[in-house]
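Peer 1: What would the 3D arrangement of this be:
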Amino acid sequence: MARRERVVRMSVEQPLWRALTAYRVLTLVYAALLAGFGHAKYERPWVAVAFLAFLALWTLVTLPRVANAANCTKRFLGADLTVALTGILVTPLADFDAQHMDGPTLPSIWTAGSVLAFALKGGWRWAAFASTLVAVANIIERGEPSEDTFHNVVLVWVASIAIGYVVEVARASERTLARALEIEAATRERERLARDIHDSVLQVLAMVQRRGTALGGEAAELGRMAGEQEVALRTLVSSGLVPTTRVSEDSADGAVVRTVETDGTESPDSDLRALLARHAGARVTFSEPGAPVLLAAGAARELAAAVSAALDNVRAHAGPDAQAWILVEDEPDAVIVTVRDDGPGIPEGRLDQAEGEGRLGVALSIRGRLRDLGGTAELISVPGQGTEVELKVPKVSRGKAGSAR
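Peer 2: Residues are numbered from 1 along each chain as shown. Take a look at the predicted model:
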């Protein structure tokens with residue numbers, strides 16, 4: 001059964017669209033109040049009333065258009081800017097003295113909202129285009145622009161371009177983050193598959209190689225071929241060419257949705273003791289608490305697999321006569337499993353050398369699993385005194401337990 005894990009990330013520019021929506025409503029109210037308080041000076045008040053009524057209707061009807069980038073189309077932006085420019089140019093028809101008194105235009109600062117929509121939609125270049133047209137309309141409306149007109153024009157021009165640039169930077173950062181999240185998801189899945197391969201196929205190939213070499217004859221040739229395949233597969237795993245799950249991205253209404261598909265089903269908590277008890281034997285001593293040690297099923301399986309990998313390393317490197325001990329401790333906030341052996345220990349630098357050669361047992365099968373669970377894996381080894389691996393998993397892991405296999 002396929003399980004779909006959805007991670008929703010809100011677009012960083014969405015709050016700007018919400019702010020623009022509020023700005024258009026508030027500036028509409030401001031423009032209406034200006035006209036109401038100054039209606040006595042209008043030679044043709046009906047022109048102001050007609051335009052402001054249309055502006056109110058236009059603003060309220062088009063609020064969904066400025067809710068996000070998808071709804072704010074080029075056609076709407078063109079029509080919205082036309083409304084703003086028309087309001088500027090018809091101001092002298094309502095107030096003959098507007099050209100000489102430096103009074104506000106009919107749309108007043110509502111015009112800036114139209115320019116800001118260009119900035120949010122297309123970046124600083126679109127903002128520069130829209131603010132330039134507004135500047136030209138203001139100059140035409142004033143006839144001979146004053147210092148105040150010049151200041152207002154420059155303010156709108158600089159502010160809109162700055163906001164447009166910020167939006168472009170935010171979008172670039174969002175794309176970079178989405179790519180990083182995709183790479184992280186693919187890398188984790190690749191590591192999970194690499195661990196599975198190490199715990200199964202690579203171990204079998206290594207065993208065939210050792211047994212074939214010991215038997216000699218045709219078996220030695222079979223062992224040699226198995227060894228070649230083991231090296232090739234290790235190289236494939238360490239090079240990152242192992243297939244990964246599909247990571248897709250969809251964008252709608254300013255939100256980015258990433259989907260990671262894995263195989264697996266949700267399971268209830270599992271008793272870790274039952275998963276580890278099978279390792280007990282003549283050369284493996286298993287010590288457990290008297291009460292069940294409960295972990296999420298996926299976390300319990302991954303922890304048990306890490307213990308199994310640690311025991312595989314004991315058998316492979318500590319010798320056939322090595323003795324191992326497994327100790328399970330159930331703490332209030334974590335489960336700790338210690339695997340200790342009485343082998344010769346690990347020479348200093350051997351783990352780094354093995355990882356460089358593509359032998360990723362400790363790096364992936366042990367440390368990688370614990371990292372995905374939000375836990376830690378500590379390895380202590382003294383030459384001649386054996387090796388101890390301490391695996392610690394929090395009771396509430398970081399969300400990988402549910403998808404672990």
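
Peer 1: And the strands in the chain?
Peer 2: For the chain, applying DSSP state E gives strands covering 2-10, 247-252, 255-263, 269-271, 284-287, 294-296, 324-330, 334-341, 376-381, 387-394.

Peer 1: For the third one, the averaged confidence score.
Peer 2: Confidence over strand 255-263, taken as the mean pLDDT, stands at 39.

Peer 1: cool, the first one as well?
Peer 2: Within the predicted structure, the mean pLDDT of strand 2-10 is 40.

Peer 1: With stretch 26-36 instead?
Peer 2: The average of the pLDDT scores along stretch 26-36 is 89.

Peer 1: Now do it: everything it contacts.
Peer 2: By C-beta atoms under 8 Å, 6 or more residues apart in numbering, the surrounding residues in contact with stretch 26-36 are 42, 48-49, 52, 55-56, 59, 104, 106-110, 112-113. For the C-beta atoms, the positions are set from N, CA and C on the backbone; glycine is no exception.

Peer 1: of the residues you listed, buried ones?
Peer 2: Neighbour counting with 16 or more other C-beta atoms under 10 Å marks 42, 48-49, 52, 55, 59, 104, 106-110, 112-113 as buried within the contacts of stretch 26-36.

Peer 1: mind listing what Leu77 touches?
Peer 2: Contacts for Leu77 (C-beta under 8 Å, 6+ apart) come out as 114, 117-118, 121, 126, 130.

Peer 1: next one: Phe286
Peer 2: 276-277, 279-280, 326, 328.

Peer 1: Over to Trp58?
Peer 2: Going by C-beta under 8 Å, 6+ apart, Trp58 touches 80, 83.

Peer 1: Could I get the full set of helices for this protein?
Peer 2: Along the chain, counting by DSSP state H, helices occupy 14-37, 45-61, 74-94, 98-101, 110-122, 124-142, 147-197, 203-215, 218-239, 272-276, 297-317, 350-356, 369-372.

Peer 1: mind putting those in JSON lines, distance to Ala291 included?
Peer 2: Supplementary listing: the helices of the chain in JSON lines, determined by distance: least, C-beta to C-beta, whole Å:
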{"stretch": "helix 14-37", "distance to Ala291": "49"}
{"stretch": "helix 45-61", "distance to Ala291": "65"}
{"stretch": "helix 74-94", "distance to Ala291": "66"}
{"stretch": "helix 98-101", "distance to Ala291": "85"}
{"stretch": "helix 110-122", "distance to Ala291": "59"}
{"stretch": "helix 124-142", "distance to Ala291": "64"}
{"stretch": "helix 147-197", "distance to Ala291": "30"}
{"stretch": "helix 203-215", "distance to Ala291": "33"}
{"stretch": "helix 218-239", "distance to Ala291": "39"}
{"stretch": "helix 272-276", "distance to Ala291": "9"}
{"stretch": "helix 297-317", "distance to Ala291": "15"}
{"stretch": "helix 350-356", "distance to Ala291": "35"}
{"stretch": "helix 369-372", "distance to Ala291": "23"}
